[in-house]
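> sequence unknown, structure follows:
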């Protein structure tokens, strides 16, 4: 934790694993952290911003190495997380910390490097498979469309963003823009 006035680190949080992702909640009262799931088999945790104390663990019985690579809050009580275990999970902390509200499985069992939601019905995901991005419909919980962002590329999709007109994707060989119109 950092002091805004002095620019000094006032507190370090012991997570006992490599941290791969963090995301502050929209209400800015807490944040989620995603770890490698090597040392500690609970890779998705919630933290209070003011105190720095862990307030919850999302999920249970993760496989060793099923780390969380990306997190996105949709509301102050719902968030998406994805990673090495080839699942995107939608968590609703009002309902359960143990069981996700929705689960999306990568059909070819590839790692999810990144994802983004439109906070309504769509999720775009980037995988470790040769420039593959997928569009998901939350109402159907399956793949709506497969998109090869980097044709003839062996690169994973490291990061992506989308809107109603474009999908932007970062691969090892450059930035790619797709036009939906």
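That came through fine. Everything numeric in this text was worked out from a predicted model, so none of it was measured.
> C-alpha from now on. contacts and neighbour counts both.
Fine.
> show me where pLDDT drops low in this protein?
1-4 (pLDDT under 70).
> what do you get if the cut-off is 80, keeping everything else the same?
1-11, 14, 150-152 (pLDDT under 80).
> show me where it has its helices.
Per DSSP state H, the chain carries no helices over any range.
> surely residue 97 and residue 45 touch.
No: counting by C-alpha atoms under 8 Å, residue 97 sits too far from residue 45 to count as a contact (9.9 Å).
> shared neighbours, these two?
In terms of C-alpha atoms under 8 Å, 6 or more residues apart in numbering, residue 97 and residue 45 are both contacted by the residues 56-58.
> tell me the one of those residues nearest residue 139?
Closest approach to residue 139 among the shared contacts of residue 97 and residue 45 (C-alpha to C-alpha): residue 58, at 22.3 Å.
> next up, phi/psi of the closest one, please.
Dihedral pair for residue 58: phi -100, psi 120, per degrees, to the nearest 10.
> what's the neighbour count on it?
19 (other C-alpha atoms under 10 Å).
> is the residue found closest to residue 54 once you drop the neighbours it is linked to in the chain bridged to anything, and to what?
Spatial nearest neighbour of residue 54, excluding adjacent residues (C-alpha to C-alpha, 6 or more residues apart in numbering): residue 47 at 4.3 Å. Beta-bridge pairing for residue 47 (DSSP bridges): residue 31, residue 54.
> so residue 47 touches residue 56, yeah?
Yes: applying C-alpha under 8 Å, one finds residue 47 in contact with residue 56, separated by 7.1 Å.
> out of those two, which sits in the busier spot?
Remark: of residue 47 and residue 56, residue 47 carries more neighbours, 19 against 15, as counted by other C-alpha under 10 Å.
> what sits against that one?
Neighbours of residue 47 in contact, by C-alpha under 8 Å, 6+ apart: 30-33, 53-56.
> closest one of the residues you listed to residue 156?
Out of those, the member with the shortest distance to residue 156 (by C-alpha to C-alpha) is residue 33, at 22.3 Å.
> show the contacting residues for that closest one.
19-23, 43-47, 71.
> now swap in residue 144 and tell me
Contacts of residue 144 (C-alpha under 8 Å, 6+ apart): 134-137.
> which one of these is nearest residue 83?
residue 134 (14.5 Å).
> dig out what the closest one forms beta bridges with.
The partner residues for residue 134, given DSSP bridges, come to residue 125, residue 146.
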